[in-house]
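Participant: The sequence and its predicted three-dimensional model are supplied below.
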Amino acid sequence: MLSRRIHDVALPLFYRNIKLDSQRSHEILLRVVDQDRDIASLVRSLDLTEYEDPALPCILPRALTRLPQLQSLHLQLGELKSQDTEYVHKIFFGPNLDTLVIENTHWKTDPACLAEIIGGLESLDQTAVSNIRSLTCRIGSRSSHLPTSLGSQFVDTTIFSKVLPIFPGLRALDLSSTPVDPAPLLALDSRASLQYLRISSCQDNDTSTLAHFISTHPAVRSSLVVLDATGVRFGEQGTGAILQNLPSTLRSLNLSSSTMTANHVPRLQKLCQHLKELSVGHGLTMDNVEAAILSPYFNFDADVTCRSIDEASSKEASEHALILGPIRDAIAFCNIRRRLASVSQHSLRTGTRRSHVRYLDLSSMDVEEQGRITNSVLLGEHSIPLEVIAVSDINQQDYRVLGKLCGRLGWRDRWANEMIWVERK
């Protein structure tokens, strides 16, 4: 009875997400689903991105026919190109498929062929509407070996402007590694309610069009939950327009490559009342970040010195490092204690909320400003629910002091993703 119960629980989990990487694995899957139709109905996701067999053009139609409950399909761009227009139409307009991922890791595939594929859809039915809710195009993913003329080529603006309106139910759009001009994004169906938007390579020399799309388009302004613009270099004006118009539904914001100034702090303060993850841009000081997270709920003494600990440069200091080191540590601890003691709660108006940020990425700030984490009020209990502060460039002396302070203040530091993560215990 126990074995039977384990089998009943494990079977749906085992077949829910299938990844095929060879002719043999494909034959086994088809044999199993032909023998048991109930198992065929368990498959929800099919990943063929690692499948490089020449027989794939005929395999994909067979798989689509035998898996009636398939909801998510991951394909290579070259594989999609090899299909007849009829089957491409079934992929985009099938009744059950709601997630489509198109990658391009094969160097022989020209990224521009995506425009040809999309153009072919128009010849079949210009009134068709797709049920796809999540669309991912990773045309440049792992394609550093592509010729420059291919890797940097933008998808034809006219074609993309025509195809985006066929996705009225779109909820997630990932163009993180696809060189798409920002202009066609404005053609996105206004009925779409994007919750996830990733656009790290979706830009040209002028990011104003992209900023205009994020700040004004109906599909974004009222529903966005995650905005990842890593790599997009918005200027001060573009960043301001985006921050001013982001919805209260937003929970994760990454503008790490954009310019931020003290003028953006008031808007960041409002966003932090509902954000859970925040990656700030370059140009902010540690004082600005502290104000964004803790103000206006808390007041703290800004007159207390908040500078990173400088390394001793003299020969005498080097010779007496064993003595001076503990003294610096003691001074650093006294300074941070003074700063934390200066934090007090404001007399607040009704409705003011504390920051909800749990993850804070400071890795785009100047090196000196990142080093000031060693004397920041963010390390106090007042910053709860903040759990992780990520920094990348701090000098050796500041890093050593940070390690000493973390244990005393209820934090720990570790390396993760080539950054220093300061985590609350």
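Facilitator: The structure has been received and is ready for your questions.

Participant: all strands for the stretch 51-200 of the chain, in order.
Facilitator: 72-76, 99-103, 134-138, 172-174, 196-198 (DSSP state E, counting those that start in this stretch).

Participant: Where among those strands is average confidence lowest?
Facilitator: Sorting those by mean pLDDT places strand 134-138 lowest, at a mean of 87.

Participant: So which elements touch it?
Facilitator: strand 99-103, strand 172-174 (3 or more C-beta pairs under 8 Å, 6 or more residues apart in numbering; DSSP states H and E). From N, CA and C alone the C-beta is placed, and that goes for glycine too.

Participant: so what strands line up beside it?
Facilitator: Sheet partners assigned to strand 134-138 using DSSP bridges are listed as strand 99-103 (parallel), strand 172-174 (parallel).

Participant: quick one, which of those is nearest to L77?
Facilitator: The closest of these to L77 is strand 99-103. By C-beta to C-beta, the value is 5.6 Å.

Participant: May I see the strands paired with strand 134-138 organised as a markdown table, with mean neighbour count and distance to A341 added?
Facilitator: Converted to a markdown table, the strands paired with strand 134-138 look like this (neighbours: other C-beta atoms under 10 Å; distance: least, C-beta to C-beta, whole Å):
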| stretch | mean neighbour count | distance to A341 |
| --- | --- | --- |
| strand 99-103 | 21 | 51 |
| strand 172-174 | 20 | 45 |
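
Participant: right, and these - which one's nearest G235?
Facilitator: That would be, of the strands paired with strand 134-138 and by C-beta to C-beta, strand 172-174, which comes in at 23.2 Å.

Participant: And the contacts of the closest one?
Facilitator: With contact meaning C-beta atoms under 8 Å, 6 or more residues apart in numbering, strand 172-174 is reached by R133, S134, L135, T136, C137, R138, L188, L194, Q195, Y196, L197, R198.

Participant: thinking the third one is in contact with I166, fair?
Facilitator: This points to L135. No: L135 lies out of contact with I166 (C-beta atoms under 8 Å); the separation is 10.5 Å.

Participant: what sits in contact with each of these two?
Facilitator: Joint contacts of L135 and I166 (C-beta under 8 Å, 6+ apart) do not exist.

Participant: Next, give phi and psi for S25.
Facilitator: The phi/psi pair for S25 (degrees, to the nearest 10) reads phi -60, psi -30.

Participant: That should have said R400, apologies.
Facilitator: Backbone torsions for R400, taken as degrees, to the nearest 10, come to phi -70, psi -40.

Participant: residues contacting it?
Facilitator: With contact set as C-beta under 8 Å, 6+ apart, R400 has no partners.

Participant: Surely L278 forms part of a strand?
Facilitator: Yes: counting by DSSP: H, G, I helix; E, B strand; the rest coil, L278 is part of a strand.

Participant: count of neighbours near it?
Facilitator: Using other C-beta atoms under 10 Å, L278 is surrounded by 27 other residues.

Participant: Cross-check the contact I'm expecting between it and S256.
Facilitator: No: L278 lies out of contact with S256 (C-beta under 8 Å); the separation is 9.7 Å.

Participant: Between those two, which contacts overlap?
Facilitator: Joint contacts of L278 and S256 (C-beta under 8 Å, 6+ apart) are D361.

Participant: Need the residues that contact the helix or strand where L210 lies.
Facilitator: Using DSSP states H and E, L210 sits within helix 208-216. Applying C-beta under 8 Å, 6+ apart, the contact partners of helix 208-216 are 182-183, 185-186, 197, 199, 202-203, 220-221, 227, 229, 232, 234, 237-239, 241-242, 244-246.

Participant: Quick one: the helices and strands packed on strand 134-138 as CSV, columns for distance to D366 too.
Facilitator: Formatted as CSV, the helices and strands packed on strand 134-138 follow (distance: least, C-beta to C-beta, whole Å):
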stretch, distance to D366
strand 99-103, 36
strand 172-174, 30
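
Participant: Could you list every helix and strand that the lengthiest helix in the chain packs against?
Facilitator: Secondary structure of the chain read by DSSP state H shows that its longest helix is helix 321-341. When contacts are defined as 3+ C-beta pairs under 8 Å, 6+ apart, helix 321-341 packs onto helix 396-409.

Participant: Report the buried residues of the following helix or strand past the helix it packs on.
Facilitator: Next along the chain after helix 396-409, taking DSSP H and E as the criterion, comes strand 411-416. Under the neighbour-count criterion of 16 or more other C-beta atoms under 10 Å, strand 411-416 has W411, D413 buried.

Participant: can I get the CA coordinates of the helix or strand following strand 411-416 in CSV?
Facilitator: Downstream of strand 411-416, the first helix or strand assigned by DSSP H and E is strand 419-424. Provided in CSV are the C-alpha atoms of strand 419-424 (Å, rounded to 0.1, in the frame of the first residue of the first chain):
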residue,chain,number,x,y,z
MET,A,419,29.1,39.5,-4.8
ILE,A,420,29.2,39.8,-1.0
TRP,A,421,25.8,39.0,0.5
VAL,A,422,25.3,40.4,4.0
GLU,A,423,22.5,38.3,5.4
ARG,A,424,20.5,38.7,8.6
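
Participant: Neighbouring strands - and their directions - for strand 419-424?
Facilitator: Short version: by DSSP bridges, strand 419-424 pairs with strand 388-391 (antiparallel), strand 411-416 (antiparallel).

Participant: Serialize these to TSV and add fields for mean pLDDT.
Facilitator: Converted to TSV, the strands paired with strand 419-424 look like this (pLDDT from 0 to 100):
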stretch	mean pLDDT
strand 388-391	96
strand 411-416	89
